[in-house]
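1. Here is a sequence with its predicted model. Questions after.
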Amino acid sequence: METIENCDVCVAGGTPAGITAAVRVAREGGRVILVSAYRHLGGVLSNGLSCWDTMYDGYRAPIQEEWLEKIRTHYRKTYGEDTEDYRTSQSGPFGGGRYKGAYTWEPHIAERMFEELVAAENRIRVVREYLPDAVERAGREILSVLFHSLAEGTPMRVSARVFIDATYESDIAALAGVPYRVGREGRSEFNEIYAGKIWVKRSGNEANFSHGSDEALQWPRAARRGDLNLLRGGEPRRRSFPRARERAMMRYKPPIFASA
């Protein structure tokens, strides 16, 4: 069994979130091991979801902006601004918002840009095709995580000062026995303006759009005015419960794309 003890942070998941976390830690001077379950880095953005699939049009994180700009630059330099290829890369499912580029890309280009971000940081070690098996804890603190190889590698135990679970299914959290809940919280619970359901289109008059009260209409109105940096997309709805918590879960079933 290989034992790794000389890292400050272990990031589980070669997802966009995992890559962003690893790069940020490395740039702050930390030693990072990034453990990916797959050979290809980038998660869903390099393995099927070939567009910037979001209705939020505000800034998120500097490294995300850096990645988008790398894709933008690639298509501009490769094809030229006056080409159909470049114009296609500028389109997206929700039309033009603040992000005037990098709405659409080829999976292998997305992966290449993620690889370049990671390769530029000499404090990051990437381990591919490993999944977490078990967690060693001391009270509330995780001391180490045991990973097994999906290929032909030997088992690996990683000790670190900090563990970041950037897997899509919260593998580390589940192994550590972290409590969880199903569904989303209501807006009032943590005073989050993006919590609950927010429909940004309506059908019919506003009395039919929700319960008819001004309070129930406050957040859909804010979304339509642009106060929440949300792009207007999706199907019109007649009723909404914008403040409510619920037990429903988001279904995600991304398509599979092949890219040379």
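-> Perfect, I can see it now. Numbering: from 1, shown residues only.
2. Give me the neighbour count for residue 115.
-> When neighbours are counted by other CB atoms under 10 Å, residue 115 registers 16. (C-beta placed from N, C-alpha, C; glycine too.)
3. which one is it nearest to, not counting chain neighbours?
-> Leaving aside its sequence neighbours, residue 115 sits nearest to residue 41 (CB to CB, 6 or more residues apart in numbering; 6.0 Å).
4. can I assume the one you found sits in a helix?
-> No. Counting by DSSP: H, G, I helix; E, B strand; the rest coil, residue 41 falls outside a helix, being coil.
5. Show the contacting residues for it.
-> The contact partners of residue 41, by CB atoms under 8 Å, 6 or more residues apart in numbering, come to 14, 19, 111, 114-115, 118, 126.
6. same for the strand or helix carrying residue 189, what does it pack against?
-> According to DSSP states H and E, residue 189 maps onto helix 187-190. Applying 3 or more CB pairs under 8 Å, 6 or more residues apart in numbering; DSSP states H and E, we find helix 187-190 packed against no helix or strand.
7. what is the rounded mean pLDDT of that helix?
-> Averaging pLDDT along helix 187-190 gives 80.
8. quick revisit: tell me the spacing between the residue nearest to residue 115 and residue 60.
-> Counting by CB to CB, to the nearest Å, the gap from residue 41 to residue 60 is 19 Å.
9. do residue 189 as well
-> For residue 189 relative to residue 60 (CB to CB), the value is 23 Å.
10. go on, residue 37?
-> In terms of CB to CB, residue 37 sits 24 Å off from residue 60.
11. What ranges in the stretch 151-260 of the chain fall below the confidence cut-off?
-> Within the stretch 151-260 of the chain, the stretches with pLDDT under 70 are 197-260.
12. Repeat the analysis, applying 90 as the threshold.
-> 151-153, 169, 179-260 (pLDDT under 90).
13. end to end, how far does stretch 137-154 reach?
-> 22 Å (CA to CA, to the nearest Å).
14. now stretch 132-152
-> 15 Å.
15. ok, and what's touching that stretch?
-> 10, 12, 35, 37, 127, 129-131, 155-160, 163, 167, 171-172, 175-176.
16. Stretch 28-35 now?
-> By CB under 8 Å, 6+ apart, the residues outside stretch 28-35 that reach it are 4, 6-14, 18-19, 22, 25-26, 118, 121, 123-127, 130, 132, 147, 158, 160.
17. by contact count, what packs against the strand or helix carrying residue 108?
-> Element membership for residue 108 (DSSP H and E) is helix 107-119. Other elements packing on helix 107-119 under the criterion 3+ CB pairs under 8 Å, 6+ apart are helix 16-27, helix 62-79.
18. Any chance of TSV for the ones you listed, columns mean neighbour count?
-> Converted to TSV, these look like this (neighbours: other CB atoms under 10 Å):
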stretch	mean neighbour count
helix 16-27	22
helix 62-79	16
